[in-house]
Structures are given as structure tokens and as C-alpha cells.
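just coords:
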């Protein structure tokens, strides 16, 4: 008996001693391959009282596991361990980045995080206008796997773009509807008169602008929207597309009206010029100059982000997915793919806007028709399910799960992805359209309103329907897939060979978009530094200053192909959507001017002053 009591006492003493000890964390990390996001961390705990709760900074790791997987190399992580007595211990760690892709990605992510805290700041939550914490139907707070509260965000810039699109739809008396047929006639060349100033036709300008909007925003963007917001995000993308037609009309009209044509016939136009020149006419010259400079900086950033990195990233994602069975470990060679892609783009961009127009005029119709044709075949094969699909879309838009952030959460996702896809209100397209051969700025504005319709209302909806028909909108099926990969999987459920065709289409979309955005960014670069950095010509279309810009631009192709989708999409959103801030301020001030020009234009069409030539 005494022996039993002695042993039991020693046991209790040791137990309390261990429980009373400070928690010590020993963590071991491993980098499994050259691929991104496959780092692991294993924890060994001493001290404290079991069981332990593991609170990883990576939100999808459960609290009862002592091992974390899917970690990003080079990124700083934090682990908090809590014992059953409530004692805590913390440790910071990172997975060593070894490959070129991992090192580039680890350098890029912190930069994106810093920019994001400013550009995507949620002023509405900061002012307590709404509660960002997501709750279920019973009012209970929802949590991530790691124990953190789930929160939503309403970036001011997204609301700003939605407001602008809605405002101009009303201001221009629904030009998105009443100008639609006339836009078709203009694209067909019925109003093209010989001798109009400019470099390209209405169709070429539309193709150049479409090459920058119709592309991976449709293929990958829709998949991203549905992964985050479910099928309901599609409805809000459609609404944003319809409203965006009026904003696109307004900005393109001003882009052509205030463009500049040099002695060689080369055209420069876009928000930089109409913000500066039009506001100067209204005795707001200082404001106009500030807005123009801000836009020029942002359009350069946009050309590096959404117009470049996102394209390279998703192109490599699709290529590596298709060739992984043939080339083991190809996922870790994004930098080399990026170098090859940069060389291809580099050969094209030295041709100037006419070279770009010639390339995109041929590529855009081909790839758009190819993609739409296959999507239509799949839709017709599932025609009996369209009612069910649209029910999912409408119910998801107005009665979404709390997990998606409710109606507001899904609406924000839909509008954000639509704005990124069609760029309405952003001002980028007015740069391409300013090179059109016309003496009537309003006519090109009307042509431009077709872009959000084609891009978002038609092609994005088709992509969404295919994803819904395939079942890949469901989280259990889309797990581990993102962007273009998810869309590819959806199409492959009907045509097993289609991912190969889609790979080609994605490469074409990516290249054409990068070509067009290089022109946008170059215009911003010239506006800022054109007189200061190398105006000396190397070729007819290439100056020393342009060469400097192209070198930087092509470098970002490599960064995009090497980085993770999350960092790339965040950077791309921040750069492209932020362009709408200075642009819409100017458009709101000049709204009456455009409205007057529109009224005068239709008067000329009606009385025959503006003639049909075909």
C-alpha cells in the first residue's frame, strides 16, 4: 500500500511539474520540391499540459494538427500553441526558398501585402459602417480552420467603380441600350469616311481593346469569382458588365476627343491627356495635372500587373498542368517559361500600335470564336439544365450562404472580377481607342460600349454556365483548383481533348493582352518621362525611353510566371482597379460635356450630316 501511494505521488508530482513548465516549441521545416506552396512544418511540444491547440497563421490548417502543409516558401508564418491550462507560446518561422520561382515569389509577396494595406483599405469597416465579421443565419460567428474569425472586405475602389458605372448609365440616358445597334453599324464600317485622322479602323481599335479585356479575365476570372462567391457572383458580374458599358462609352469618347497626333502621325491619347487638358479648360488645371500624373503611374503599374503578370501566371499554370505528366517537376520552372514568353512578346511590341493592331485583329476574333464555339456546344448539350443553372445563379446572388459573406460579399466579388475583366471605368481602353480613324469622338465611344457586353455579359456568362454544368462550382470538386485550371477541368468533363485546345487559346489570349497592355503602359511612361528619358529613335517606332519601359515590362513577365496566383491577382487588382480613382473623378467633372457631345452626334446622324458610306 505504501509502495502504491509512493508511486502515485511521484506520478502526480511529475505530472504537475510538466504541466507547470513553460511550453517549448521545436519546429522542423521542409521544402519538398521546386514547386511553389509545397513547404511543410512539423511541431514537437514540451511542457504545458496536453491536449494542445495549434493556431497556425495559415487559415486552412486545423487547430488539432501539429503539421502544416501547403506553405509558401520564403513567407513569414506564425504558430501559437495553447495548452489545456490556457498557457501560450509563440514561434515565427519560414520555409527556405530554394528555386528561382520560390525566391522571386518570396520577394514579391511582402511588396504586395504592403501595397494592399493602402490600396484595398476597407474604409467602410474602419468607420464602423458595417461589421466585417461573417455570421451564419443564427447570428453565430464563423471561423476559419485555424480559429480566426471569418471576415469580409468592401474595398472602396470597387464601390467607386460601381457608382461610376451606374451614374453614367443614368447620365447618358441608357446609352448602353439605345446605342447598341449603332455600335454594330460602326464596327462594320458603315460610317467610315476616307481621310479620317488616326492609325487604325474602328474594328482594329475594338480588337486591340478587346485583346486586353477578353482573355484570361473570362477564363480564369470567372473561375476565381465562383470559387470565392459561388454561382451568384456571375449575376453581379453580368450587372456590372451592363452598367460598365456606359462608363466605357464616356471615357473612350473623351480619349479620342483629347488625343494628340504628332508630326509622324503617331497618336497619344487616354486619361492622362483628357484629365490634364479638359480640366484645364474648366480652370481646374492643377487638379487635372495631379490626376493625370497619378493615372500615368497607375497605368504603368496596371501594365505590369493585370496586363502582364496575371497573363503570364495563368498561361504557365495551364501549360504546367497539361505537361506535368510528360515533364516531371515542370511546375517549378515558371521563371524559364516567363523568359521564353518575354522573348515572344518582346519581338512583337517593337512594331508600335499598327503592329499591335495587325496582330490582335487576327488573333482576337480567332480565339474568341474558338472559345465561344466550344462553350456554346457544351451549353447546347446541356440545354435541359440551363433553367437549373440560372436558378443557382439567381439564388446565389440574392440568397447566398453566409460562408460567402451574404449578398454584399457575393456582390463585391462579382463586381470586382467584372471590373478586372472588362476594365470599364478604369480608363485603359481609351488609350487604344484614341488611335482610331475618325473625326467623331462619340462614334468611337459608342463602339467601345460593346466591349463590356462581349467580355462580361456574353463570354463570362458562358464560362460560368460550363462550370456549373460540370459541377466544378461546388467546393468539394474545385478543391485544389484555381483560375484557368478550374475552367479547363470543367470543359474537359465534356471534351477530354479540350484542355489542350484551351492551353493554346490561353497562350494566345495572354500574348495579345500583354501586347495591348504594353502599349497602354508605354503611353503612361511617355507621359511621365517622355521628355526626360531618351527620345532618340532606335527604329521608326522605338525610342530609347520606350526600350527602357519594355525591358522593365518584360522583366515582370518572368516575375508573373514565377509567382503564386494569390499574390499576382492581388497585385493586379490593386493596380488596375486603382486606375479608376483618378479617371472617374475626371469623368464626373466632364460628364455634362460628353452628354452634350452625344446629343449633338445623334442629331448629325439623324439629319444626315454624318453619312453612311456602305
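That came through fine. All values derive from a computational prediction rather than experimental measurement.

make it CA atoms for all contacts and neighbour counts henceforth
Noted.

buried residues, the strand or helix carrying residue 559. List them.
Using DSSP states H and E, residue 559 sits in helix 544-562. For helix 544-562, burial by neighbour count (16 or more other C-alpha atoms under 10 Å) applies to 544-547, 549-550, 553-562.

so where is this protein shaky, pLDDT-wise?
Counting by pLDDT under 70, the chain contains low-confidence ranges at 1-21, 191-215, 263-265, 351-365, 399-408, 480, 530-537, 539-541, 613-614.

just checking the distance from the top helix by length along the chain to the centre of its chain.
With secondary structure taken from DSSP state H, the chain has its longest helix at helix 498-529. Centre-to-centre, helix 498-529 and its host chain are 13 Å apart (C-alpha atoms, centre = their mean, to the nearest Å).

for that helix, buried residues please.
Neighbour counts over helix 498-529 (16+ other C-alpha under 10 Å) mark 498-500, 502-528 as buried.

all helices for the stretch 401-550 of the chain, in order.
406-422, 429-433, 441-448, 450-452, 461-470, 475-478, 484-492, 498-529, 544-562 (DSSP state H, counting those that start in this stretch).

tell me the buried residues in the fourth one?
By neighbour count, and taking 16+ other C-alpha under 10 Å as the criterion, the buried residues in helix 450-452 are 450, 451, 452.

stretch 425-438 spans what distance, first to last residue?
22 Å (C-alpha to C-alpha, to the nearest Å).

now swap in stretch 66-85 and tell me
18 Å.

now that stretch, how far from the centre of its chain.
29 Å.

ok, now which ones touch residue 157?
Going by C-alpha atoms under 8 Å, 6 or more residues apart in numbering, residue 157 touches 120, 577, 578, 580, 581.

equivalent analysis for residue 123, please.
Each residue near residue 123 by C-alpha under 8 Å, 6+ apart is listed here: 155, 156.

now do 7 Å
Residue 123 is in contact with residue 156, counting by C-alpha atoms under 7 Å, 6 or more residues apart in numbering.

just so I know, which of the helices of the stretch 401-550 of the chain lies nearest residue 384?
Nearest to residue 384, of all the helices of the stretch 401-550 of the chain, is helix 461-470, at 10.4 Å by C-alpha to C-alpha.

what sits up against the closest one?
Contacts with helix 461-470, where a contact means C-alpha under 7 Å, 6+ apart, come from 219, 222, 234, 375, 378, 379, 389, 473, 487, 490, 491, 493.

can you add distance to residue 141 and neighbour count and give these back as JSON lines?
Shown next, in JSON lines, are the contacts of helix 461-470 (distance: C-alpha to C-alpha, whole Å; neighbours: other C-alpha atoms under 10 Å):
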{"residue": "219", "distance to residue 141": "34", "neighbour count": "28"}
{"residue": "222", "distance to residue 141": "28", "neighbour count": "32"}
{"residue": "234", "distance to residue 141": "26", "neighbour count": "35"}
{"residue": "375", "distance to residue 141": "40", "neighbour count": "20"}
{"residue": "378", "distance to residue 141": "40", "neighbour count": "20"}
{"residue": "379", "distance to residue 141": "39", "neighbour count": "18"}
{"residue": "389", "distance to residue 141": "30", "neighbour count": "20"}
{"residue": "473", "distance to residue 141": "25", "neighbour count": "26"}
{"residue": "487", "distance to residue 141": "32", "neighbour count": "29"}
{"residue": "490", "distance to residue 141": "33", "neighbour count": "27"}
{"residue": "491", "distance to residue 141": "37", "neighbour count": "23"}
{"residue": "493", "distance to residue 141": "37", "neighbour count": "18"}
